[in-house]
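Student: Compute the structure for the input listed below.
(one chain, ligands or ions: 1)
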Amino acid sequence: MNDLRRGPDRRRYSALDTNVEGMAQLERAVEASRGKLSREYRDVIDGTTALLERCRAKTRWPTSDPTSGQAHDPIAHTVALLWHEWRALWSDAAECLAEIGSKPDHVAAAKAYTELRLTPELVSGPLWRQAYCKPQGYPGDYLVMEHIYDGSPRGDTSFGRIAHLLGVHIGQFVVKRKDLVREAIAAVLVRSRSCGTINIVSLGAGPAQEVVEIARSEDAVMRPVEFVLVDQDPDALRFAGRAVSGALSGRRDNPPLKIEPRQISVLRLLKEIDPTRLVPEADMIYSAGLFDYFSDRTCRTLTQRLYAALRPGGLLLLGNMKAGTDMAWPLELIADWSLTYRSAENVLSWADGLDGAEISLRTEATGYDYLLSVRKPA
Ligand SMILES: C[S@@+](CC[C@H](N)C(=O)[O-])C[C@H]1O[C@@H](n2cnc3c(N)ncnc32)[C@H](O)[C@@H]1O
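Tutor: Sure thing, here's the model as predicted:
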């Protein structure tokens, strides 16, 4: 069973390549909802599509400027130029969406139009393609994350690489969130009072980029540490295992860092599996990019059960996308990537009743994602 939300009809995603019937379905959806689509929103989508078309037309330069003698990166240069106009259109789109936010049929009309006109332009970039086509069966898989962490322009064509890099720019909240998580892990590695191995659990671990960076860093690991990486997707765990091993093998010393992959659904921790079975006393349990897919009730119950599995002084760190931002346009409308965006009050309420806990809420540097921190008294 897959716990993440699937797109409504996976057959239609191949429409972007070969499935004419899939595209026709989208055409019909747009036609049927024409009265619900505002002119302003249609103009934003047509304007964005035209912007990308202009960009595509400009992708026939040489890859270096022979007169300057210096390497010239036309892809990064074009994305830098494009970004300003893209940002303005993004704001316009967000304004239109704020106006229709309370009318689901109008939002559905806007989404169908976006998927018909704009998404097919962008999916020549591997990041958009992976997010929209969902080859792992769910949105936001480990490869989407890896594209964002890697950050290099990938794709088969110049325009594909531009589209990809645009997606990487939009996804910077993932990188900034990971930076905060990595800093929190580094602090636990310094401060933990446990005498033996430090135990850290990552839920929905994906590519475990923060663990890879800890494994690479010369001064982070002074004491034995074990990371239990929990993910429902075996491919994600294999990928993370290879990446962490690669980081460790690049070092001359032999840092005492181990990982233990656990292929289970985090939802099984709600009832069936006691979280203390992952590790008896965790120094830190964290989850970034997962709670956004769960209901309020699930988030609250998980928070309470995970807190109980911490050792005294242990830290729980949980991420969730922030409500009231403009991120729904690229994610939900263009990439068909549904998340629950939450208010500060909502996220803080997960920790209600945890007496004595030290609770705080931070936002990562781009302002799109919250990190709830709950520390158990020592
Ligand atoms: C958006 S990615 C985040 C990955 C990583 N934490 C990061 O921030 O880079 C979500 C990850 O959670 C995993 N996942 C989704 N639902 C899950 C569930 N119910 N149980 C365990 N893992 C899950 C996915 O396979 C995916 O690797």
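Student: what about C55, neighbour count?
Tutor: As a burial measure, C55 scores 21 neighbours (other Cβ atoms under 10 Å). Any C-beta I mention is one placed from the backbone N, CA and C, and that applies to glycine too.
Student: chain center to whatever helix or strand it lives in: distance?
Tutor: Using DSSP states H and E, C55 sits within helix 39-57. Offset of helix 39-57 from its chain centre (Cα atoms, centre = their mean, to the nearest Å): 25 Å.
Student: Same question for it: list its buried residues.
Tutor: Residues of helix 39-57 classed as buried by neighbour count (16 or more other Cβ atoms under 10 Å): 41-42, 44-45, 48-49, 51-52, 55-56.
Student: To what extent is T325 buried, counted in neighbours?
Tutor: Neighbours of T325 (other Cβ under 10 Å): 16.
Student: Now do the residue of the chain found nearest the ligand, the pLDDT please.
Tutor: Nearest residue of the chain to the ligand (Cβ to the nearest ligand atom) works out as G206 at 2.4 Å. Turning to G206, the model gives it a pLDDT of 98.
Student: near the ligand, which residues of the stretch 101-250 of the chain show up?
Tutor: 140-142, 145, 178, 204-207, 209, 230-233, 236 (Cβ under 6 Å from any ligand atom).
Student: now, the most widely separated pair of these?
Tutor: Across those, no pair lies farther apart than K178 and Q232, at 19.7 Å, counting by Cβ to Cβ.
Student: For the two, indicate the residue with more neighbours.
Tutor: Shown here are K178 and Q232; by other Cβ under 10 Å, K178 has more neighbours (24 against 21).
Student: Next up, the contacts around the more buried one.
Tutor: 149, 209-210, 288 (Cβ atoms under 8 Å, 6 or more residues apart in numbering).
Student: so can I have CSV of those residues showing distance to E345 and secondary structure?
Tutor: Compiled in CSV, these are given as follows (distance: Cβ to Cβ, whole Å; DSSP: H, G, I helix; E, B strand; the rest coil):
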residue, distance to E345, secondary structure
Y149, 31, helix
Q209, 30, helix
E210, 27, helix
A288, 20, coil
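Student: Format those residues as a markdown table; extra columns: distance to S245.
Tutor: As requested, those are exported to a markdown table (distance: Cβ to Cβ, whole Å):
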| residue | distance to S245 |
| --- | --- |
| Y149 | 17 |
| Q209 | 14 |
| E210 | 16 |
| A288 | 22 |
